[in-house]
Structures are given as C-alpha cells and as structure tokens.
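> Predicted model, plus sequence, below.
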Amino acid sequence: MTPAARLAASIDIIGSILERAAAADRVLADWQKHNRYAGSKDRRAIADQVYAVLRDQGMRRWRLEAAGAAVTPRLLVMADAATPLMEWQRLCDGGKYAPPVLDDAEAATLARLPSDEDAPLWARGNLPAAVLPLAEAAFGSDTDMELAALNGRAPLDLRVNLLKATREHLLEQLRGEEIAAAPTPFSPLGIRVPEKVRLEMNMLYRDGLIEPQDEAAQLAGLLVDARPGMTVVDLCAGAGGKTLLLAAAMRNQGELHAIDNDPRRLARLPVRLARAGVRNTTVHQADDLPRFLQEMEGRADRVLLDVPCTGSGTWRRNPEARWRYDPASLDEVLRRQAGLLDDGARLVKPGGVLVYATCSVLPVENGDQIDRFLGHHGEFTELPLSEVWGNTITVQRIQSGTRLSLTPYRHGTDGFFAVALRRAG
C-alpha cells in the first residue's frame, strides 16, 4: 500500500470507531479481515497511526476547536502538529486509493492550528473536560503524571494457571521460545511479556497454561482469598477471567458459581473453563439471578463483585473509550453498582467475605460506594490488605490499609480498586 492508501484506511477506521462507538481493536480486526490484500507492514503502520490519533485525540480536538472547525475523522487524523499542510495536500491527491483532495475550508483549518503551548490539561491528558475534575479528585498532585501514564501503552500481562503449571516453569519455557518474559513485580501469578507476542498462536495459551490478565486484576482476584473446599460466587463473571483465577486457587475443590447479565460474554466461559482444566464451576445465566440469590442466600464463604463501571482504569488499553463518558450514564452505573453490592451482601454467610472491585480510578465508583454500603450494612467491616494476603504478597510494596487503589503511574498496572469486607460471625 502507498502512504496515501494507508492514510485513507486510517481515516476510514477512525470514522468507524467514532460512528460505531466500537472498540478500536475490534474495528481494526474487522478492517484487516475484509482487506486481506494489506501486508503485515501495512497493517502495523495503519494500526500505529490509528492508535497515535486515539492517544492524541484530546490535543487534536482542542486544536480543531480552537481553529473553529468541526471534529471530523479526516481532520482528526490530520490535526497533527508535527505534519505540515503541504504533506497532507501531497497525500490527498484524489488518486484511486488516496483520500479526496483537501477542500479550501479544510486547508484553512490545518493552516491555522494553534500552538500547543496554550493547551489545557484536559487536552494534554487526552480526556473530556468533564472528566478532568473526577481525575483530579482521584489523583491529586499526581494528576499530570497519572494522566500521562493512563495515556501510555499497556504491557501484556499473563496469569499462570496453577492447575497446570508453575510460574517458574512457564518463564523458562517462554524464554526458551526467545520471548522476553519476566515476573510481574507484585502478583505471584503474573508474567509480563512484550506487547507484540501473538498469544493466540502460542501453545501454552492454547493448552490453558496461561491467560491474559492485567496484574491489577490478578491482585484483586487474590484479594478474594478463595481456598479449596469453599463455596465461592463470582457475581459479575463476564467472560470469566477472575473465575479462572478463583478456580485455580481452589484447586478444583469446593463450589464455584459464575453468573453475569451479559449472555454474550458469559457464553465464552465454558470453553475457557474446559481449556484451563476447571471442574468445580457452575455457570448460571442472568435469567437465573432471582432464583440464584434466593437459593444461595447466606451460603457463600466468598463473593466477588467485579462490578460494571466506567472502565476508566483501562483507558490506556482502550484510549477511544474515554471520549464516550456520559454523566447520565455514570449515574446509572452508580445505581447498578449499589444494587449489586446489596445483592452480593445477601449471599455472604456469617464470617464470610465480600470483595468489591472495579477497573476504575474514579472515587465515586470506588471509596464513595463502599462508604455508602457500610452506612447501610453495619454487619460488614473492612479487612486490612495484609490480613487477607498474608505472606502471599508483600503489601508494603503496594500500599497499606484496607482499600487497594492501583494506578498506571504508581504501580505500572491498569487502574483498579478493590476492598474485602467481612460479615460479622
């Protein structure tokens, strides 16, 4: 493909991401599926350009708004301060595979883009202005550094399936395949590998010895402290990443129940369970929730609530998602989280533990929710992280206290929050 053809493809993909409100990796995969003529170098160059735009979207939007122009996919791609107008005019030559020629209005907009020196923090941090106060409440004096880290590239973390292997053995095997694998700094189950590893082609993954899972999610799963013989409920199981972790921690002994209200995500779980060698897990459909809550009331040793949230902690993996923030939607998410906390509390038996977790960095979804819950459920108290993890994880290297708050800048992980709540015996 010519540079002009790559540019045209990038504009089309950005347009699809904005119009469909779809994940960037899914749109890119769809484009590659329907344009198999594109070689590997072309696919990589187009993906790099798309993600460069998405990670610089705040600045590009600000430049266009300051220039008095509407934000269009074409202008969003071209509002790059490092590329002169003449280069865009050269590439947009109206050829068969090139973008259409720039019109006078577009050329005038690109010619008067403002200096980046005047850009506000929301633009530099690549997030909507409405989200900035929430980010500042979460990060305080570290806001600039955290936003920069949240806008960076995430590493690829893997979780070792202890039902089939040990971390030491898998590190040796990966290094034998000339993959620069290293232990994650905090999770005893994690391995960090280069982002470009094609995991779906690796036999260790295909045989169920490893699963992709960010280190923060692993730590939250370990906070459940699931043990063999327990009755454990994963009430918001999704596609089952933490369900698999819990099953391995239980050594396939005891009862593990997984349920979620998204049948499409839950449909992937049986295949993942089989690949991982899990035998103690029952998957329940969302329609079963009322009956399930009634039958399991007061029976669970552990309940994990990895609740639906804004996903703000994963924005470095999904840079396009931050521009879909909607205050009205957040209100609905908060109501749903509160309801799930009340449902989860019903399931916990006296002396049992409820773990609340989000992949969010926003206080309203995290500590504020726990404060509300404890105000209505005096039978629950927060557990110190050191008491839950014991010698498994060196808590002092992460943080002390009762509430786990992980961030990209401080910990090199996704943003994540988790807290363990014990019900009085």
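Happy to help now that I have it.
> Checking my notes, residue 187 in a strand, right?
No - assessed with DSSP: H, G, I helix; E, B strand; the rest coil, residue 187 is coil; it does not lie in a strand.
> Nearest residue to it in space, ignoring adjacent ones along the chain?
The shortest distance from residue 187 to any non-neighbouring residue, by C-beta to C-beta, 6 or more residues apart in numbering, is to residue 218 (4.1 Å). To be clear about C-beta, it is placed using only N, CA and C from the backbone, and glycine gets the same treatment.
> Roughly how far does that neighbour sit from residue 212?
11 Å (C-beta to C-beta, to the nearest Å).
> Under the pLDDT cut-off, which ranges of the stretch 301-425 of the chain? List them.
Applying pLDDT under 70 to the stretch 301-425 of the chain flags residues 390-397, 399.
> 50 - rerun?
Within the stretch 301-425 of the chain, no stretch has pLDDT under 50.
> Report the buried residues of whichever strand or helix holds residue 373.
Using DSSP states H and E, residue 373 sits in helix 367-376. Within helix 367-376, the residues scored as buried using 16 or more other C-beta atoms under 10 Å are 369-370, 373-374.
> do stretch 85-97 as well
Those would be 85, 88, 91-92, for stretch 85-97 by 16+ other C-beta under 10 Å.
> still on that earlier bit, show me what the strand or helix carrying the residue nearest to residue 187 is packed up against.
Using DSSP H and E, residue 218 sits within helix 215-222. Contact partners of helix 215-222 among helices and strands, from 3 or more C-beta pairs under 8 Å, 6 or more residues apart in numbering; DSSP states H and E: strand 156-160, strand 190-193, helix 241-249, strand 300-306, strand 403-406, strand 416-423.
> Quick check: mean pLDDT of the second one?
Going back to what we said before, that points to strand 190-193. Strand 190-193 shows a mean pLDDT of 94.
> How about residues contacting it?
155-160, 167, 170-171, 174, 179-184, 210, 213, 215, 218 (C-beta atoms under 8 Å, 6 or more residues apart in numbering).
> Show me which of these are buried.
Neighbour counting by 16+ other C-beta under 10 Å classes 155, 157-160, 167, 170-171, 174, 179, 181, 184, 210, 213, 215, 218 among those as buried.
> Taking these together, which two end up most distant?
179 and 218 (19.2 Å; C-beta to C-beta).
> can you tell me the distance between the two ends of stretch 205-215?
17 Å (C-alpha to C-alpha, to the nearest Å).
> distance between that stretch and the chain's centre?
16 Å (C-alpha atoms, centre = their mean, to the nearest Å).
> Now do the buried residues in it.
Quick answer for stretch 205-215 (16+ other C-beta under 10 Å): 205, 208-211, 213-215.
> pLDDT averaged over that stretch - what is it?
For stretch 205-215, the per-residue pLDDT averages 95.
> And the contacts of it?
Applying C-beta under 8 Å, 6+ apart, the contact partners of stretch 205-215 are 154, 156-161, 164-165, 170, 184-187, 190-192, 199-200, 202, 204, 241, 244-245, 272, 275-277, 314, 411-414, 416.
> among those residues, which ones are buried?
Buried, going by 16+ other C-beta under 10 Å: 154, 157-161, 164-165, 170, 184, 186-187, 190-192, 202, 204, 241, 244-245, 272, 275-277, 314, 411-414, 416, out of these.
> If you count residues, where's the longest helix of the chain?
helix 327-347 (DSSP state H).
> After that one, which helix or strand is next?
That would be, after helix 327-347 and using DSSP H and E, strand 348-358.
> so that following strand versus strand 300-306, what angle?
20 degrees (axes from the mean of the first three to the mean of the last three C-alpha atoms, to 10 degrees).
> tell me what strand 348-358 is packed against?
strand 300-306, helix 327-347, helix 367-376, strand 416-423.
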